[in-house]
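Chemist: my questions are about this predicted structure, shown below with the sequence.
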Amino acid sequence: MIPFREFLEGIRPAVNRRIEEVANGTGEVDPGVLPLLIKGKRMRAGLLLRIHADLTWATAPNHQALDLACAVELAHAASLILDDMLDGDIVRRGVPSLHLTRGEGRAVLDAVGILALPYALVAPYGAGYVAMLASVQQKMARGVAREIFGWPHLPAIPATDLYDAIISQKTGCLFSLAAAWGAMAAGAEGPVVAEFAKYGLSVGRAMQIADDIADLHVLAAGARDGRPGSETLLLQCVPAGNDPRQALGEVLDREIHGAAAVITGANRQRETFGQMVREIIELTIAGGMPDDGTPPLVACPAPSRSDKYCSVSHFSEKPCRL
């Protein structure tokens, strides 16, 4: 199979065309919002379509797989508008955040309008898809609420448990949905779909950990504006006296190996999907680091290296239970 980066480049035009077609076809999406919808790395869509391609050996996605991939990306895009407002972020996908250019009230309405699009895409394939999407969006909202407001009405929760819940809900569950839908579109049976749902959850968690590591690097360089997020909670998972670089590398390493371990099929499949999560982490960390010449918290190797996705030093203690 081709590297995941190349796979993304191959599927991105089709995903963008379908999203633009859906947005324009409804007549309800403001043209000022469209640039946000047709940008992005498309990692969630790429995960879905790569799983579909690997299970079917198809050279191109069928109509259902493409619609499901676009639905996942549209759900993600709507969440970004709200996240930027809550976090005070000023840039999204290379342009000013929507709430800055259109005002907060209008941005909220834009997000609500966009949220209707993924449901319109998945409804023709059955009520089960609608229910799965609704469940995931509820979990995403709950995860962000916990990130911002903590865990109300309950005793103090260890940082490790809170971080685990937050990244599983705000990021992991949408990746889990993408992976499950990729298998479902390929006609996989229930146990295989459940396996890929667990795989996607681990992929999303690993990507969020990598993204938080990159954000910590940016914060350390003094180049970050906006409200601190889950990255500060991740740092609290490091036991006192441990080197944060080593400890965070251990957290990331454990999550990635856990993602590959849930694939119980042939060794070729396990190796393929294990490599894919490593490539997703490389893309995440490389894209989140400032170009200021300072060393990253976790160093990514050249793409030709397939045995290691990051270079970390050995240490004896586990940093946190994730």
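Modeler: Alright, I've got the coordinates.
Chemist: what segments of the chain are strands?
Modeler: In the chain, the segments counted as strands under DSSP state E are 91-92, 95-96.
Chemist: poorly predicted segments of the stretch 51-200 of the chain, please.
Modeler: Judged by pLDDT under 70, the stretch 51-200 of the chain has its weakly predicted residues at 87-97, 100-101, 151-155.
Chemist: recalculate using a threshold of 80.
Modeler: Applying pLDDT under 80 to the predicted model, the residue ranges of the stretch 51-200 of the chain that meet it are 82-107, 149-157.
Chemist: where along the stretch 1-150 of the chain do the helices fall?
Modeler: Counting by DSSP state H, counting those that start in this stretch, one finds helices in the stretch 1-150 of the chain at the ranges 4-26, 34-37, 43-56, 63-87, 98-102, 104-122, 127-149.
Chemist: any chance of a markdown table for those, columns mean neighbour count and distance to Glu271?
Modeler: (Each C-beta comes from the backbone N, C-alpha and C, glycine too.) Rendered in a markdown table, the data for those read as follows (neighbours: other CB atoms under 10 Å; distance: least, CB to CB, whole Å):
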| stretch | mean neighbour count | distance to Glu271 |
| --- | --- | --- |
| helix 4-26 | 17 | 13 |
| helix 34-37 | 17 | 35 |
| helix 43-56 | 25 | 11 |
| helix 63-87 | 23 | 23 |
| helix 98-102 | 19 | 40 |
| helix 104-122 | 18 | 31 |
| helix 127-149 | 16 | 28 |
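Chemist: can you tell me how far the residue nearest to Gln169 when sequence neighbours are not counted sits from Leu252?
Modeler: With sequence-adjacent residues excluded and distances taken as CB to CB, 6 or more residues apart in numbering, Gln169 is closest to Gly143, at 2.8 Å. The spacing between Gly143 and Leu252, counted by CB to CB, to the nearest Å, is 19 Å.
Chemist: picking that back up, so who does the residue nearest to Gln169 touch?
Modeler: 165-171, 173 (CB atoms under 8 Å, 6 or more residues apart in numbering).
Chemist: closest to Gln208 out of the helices of the stretch 1-150 of the chain?
Modeler: With CB to CB as the measure, helix 127-149 is the member of the helices of the stretch 1-150 of the chain nearest Gln208 (9.8 Å).
Chemist: just the CA coordinates for the closest one, please, in PDB.
Modeler: Coordinates of each C-alpha in helix 127-149 appear next as PDB, following Å, rounded to 0.1, in the frame of the first residue of the first chain:
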ATOM      1  CA  ALA A 127     -31.100   5.100  10.300                       C
ATOM      2  CA  GLY A 128     -28.200   3.300  11.900                       C
ATOM      3  CA  TYR A 129     -25.700   5.800  10.400                       C
ATOM      4  CA  VAL A 130     -27.700   8.700  11.600                       C
ATOM      5  CA  ALA A 131     -27.800   7.300  15.200                       C
ATOM      6  CA  MET A 132     -24.100   6.700  15.200                       C
ATOM      7  CA  LEU A 133     -23.300  10.200  14.000                       C
ATOM      8  CA  ALA A 134     -25.700  11.700  16.600                       C
ATOM      9  CA  SER A 135     -24.000   9.700  19.400                       C
ATOM     10  CA  VAL A 136     -20.500  10.800  18.400                       C
ATOM     11  CA  GLN A 137     -21.500  14.500  18.200                       C
ATOM     12  CA  GLN A 138     -22.900  14.300  21.700                       C
ATOM     13  CA  LYS A 139     -19.700  12.700  23.000                       C
ATOM     14  CA  MET A 140     -17.600  15.400  21.200                       C
ATOM     15  CA  ALA A 141     -19.600  18.100  22.900                       C
ATOM     16  CA  ARG A 142     -19.200  16.400  26.300                       C
ATOM     17  CA  GLY A 143     -15.500  16.000  25.800                       C
ATOM     18  CA  VAL A 144     -15.000  19.700  25.000                       C
ATOM     19  CA  ALA A 145     -17.200  20.700  28.000                       C
ATOM     20  CA  ARG A 146     -15.000  18.600  30.300                       C
ATOM     21  CA  GLU A 147     -11.900  20.100  28.800                       C
ATOM     22  CA  ILE A 148     -13.100  23.700  29.500                       C
ATOM     23  CA  PHE A 149     -15.200  23.200  32.600                       C
END
